[in-house]
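Novice: whatever this is, show me its structure:
(chains A, B and C)
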Amino acid sequence: MPELPEVETVRRGLERLIVDRVVASVEVLSEKSFAVAPGAEVARDLLDAAVTGVRRRGKVLMTDLSSGCCLVSHLKMTGQLVFVGDEHWGAGHPNDSLLAELPDRSTRVIIGFDDTSRLFFNDQRKFGWLQLMPSASVDQLDLLAAMGPEPLTGDPWPEFHRRVRRHQRANIKAALLDQSVVAGIGNIYADEALWAAEVHPSTPVSAVNDERLRRILDAARAVMELSLEHGGSTDRNYVDAEGRRGSYLTFANVFRRQGQPCRRCGATLFKTRVAGRGTHYCPVCQPEP
DNA sequence: CACTTGACCTGTCCGC
DNA sequence: TGCGGACAGGTCAAGT
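Specialist: Residues are numbered from 1 along each chain as shown, chains lettered A, B, ... in the order given. Okay, the predicted model is just below:
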């Protein structure tokens, strides 16, 4: 489940691995995984273009090209962007065994570079996508145009506060998952932030005062910063641009810990369903609203 | 407009 | 062992 820390970890890897490489080929194995927007053409705007940078907004990755176009991607739940270059095939590289297996049956798109290195877009469930589009069109994607503030950049509080207060009747977990309220939070970090802030996930936004809202935002920032330090969370599928798993879940306080004791009060953690998602919480630290 | 639910997919796990 | 069904969860379309 790539959320902000996972997508940022991929971005950092790609920035180091593919900037300045020149695209030589693109192989689309699953048509629905690759789109070309109006105003862009594969032959003119992707082939022979150099990668000039890799940006992120929320959970969306943007690979900028020298052609004036951008390869936008969303990993959704099971997407991976894994780079394989010559330097990874030397004896002893810890990921040789994993990388040697690519492409595999989840590979949807293969971007080849002119030095024979390759970037694999793997996605077991085909929910994720790549889209080639003119750079000037990127900000007009509905997803990006409506997106809330970046939680780890600057001071997101004023904008977060303004936006979350538009959803007074929704529960706080649904609001945190809404990318137009704040960018990049998904199911794992929503549960972790609400546990840290001691707020029950079903609490209506209208019942959360500003002090608590601030505490929730600060908690979300803290758990995502910590996750970034550990390469994100690997539940099942997630790997970074070099095929490495993330280890944050060993630090998680509630996610997938139902039935185990709360690390703060010792009570048995529960799992329920809130906002249509599996939701983990402590019934003592986070009392029902 | 605010809010909720189901669809999109594939693989895994559980009970029979 | 095989098989049906529940489940995983990000986003969007369609529903209330």
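Novice: where do the strands sit along the stretch 101-250 of chain A?
Specialist: For the stretch 101-250 of chain A, the strands defined by DSSP state E, counting those that start in this stretch occupy A:107-113, A:118-123, A:129-134.
Novice: among those, which is the most enclosed?
Specialist: Neighbour counts (mean count of other Cβ atoms under 10 Å) averaged over each of the strands of the stretch 101-250 of chain A peak at strand A:118-123, with a mean of 24. Every residue, glycine included, has its C-beta placed from N, CA and C.
Novice: what lines up beside that one in the sheet?
Specialist: Each strand that pairs with strand A:118-123, with its direction, by DSSP bridges: strand A:79-84 (antiparallel), strand A:107-113 (antiparallel).
Novice: one step back: so which of the strands of the stretch 101-250 of chain A is nearest A:Ala40?
Specialist: Proximity to A:Ala40 (Cβ to Cβ) singles out strand A:129-134 among the strands of the stretch 101-250 of chain A, at 4.8 Å.
Novice: wait, isn't A:Gln124 in contact with A:Ser106?
Specialist: Yes: applying Cβ atoms under 8 Å, one finds A:Gln124 in contact with A:Ser106, separated by 4.5 Å.
Novice: check the contact lists of these two and give me the overlap.
Specialist: With contacts taken as Cβ atoms under 8 Å, 6 or more residues apart in numbering, the residues that reach both A:Gln124 and A:Ser106 are A:Thr78.
Novice: okay, those two: which has more neighbours?
Specialist: A:Ser106 (19 against 16; other Cβ atoms under 10 Å).
Novice: which residues touch the more buried one?
Specialist: So A:Ser106 contacts A:Thr78, A:Gln80, A:Asn122, A:Asp123, A:Gln124 (Cβ under 8 Å, 6+ apart).
Novice: re the thing from before, dump the strands of the stretch 101-250 of chain A to TSV, plus mean pLDDT and distance to A:Glu150.
Specialist: Formatted as TSV, those follow (pLDDT from 0 to 100; distance: least, Cβ to Cβ, whole Å):
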stretch	mean pLDDT	distance to A:Glu150
strand A:107-113	96	27
strand A:118-123	96	24
strand A:129-134	97	21
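Novice: most proximal residue of the stretch 101-250 of chain A with respect to DNA strand C?
Specialist: Nearest residue of the stretch 101-250 of chain A to DNA strand C (Cβ to the nearest atom of the strand) works out as A:Gly186 at 2.8 Å.
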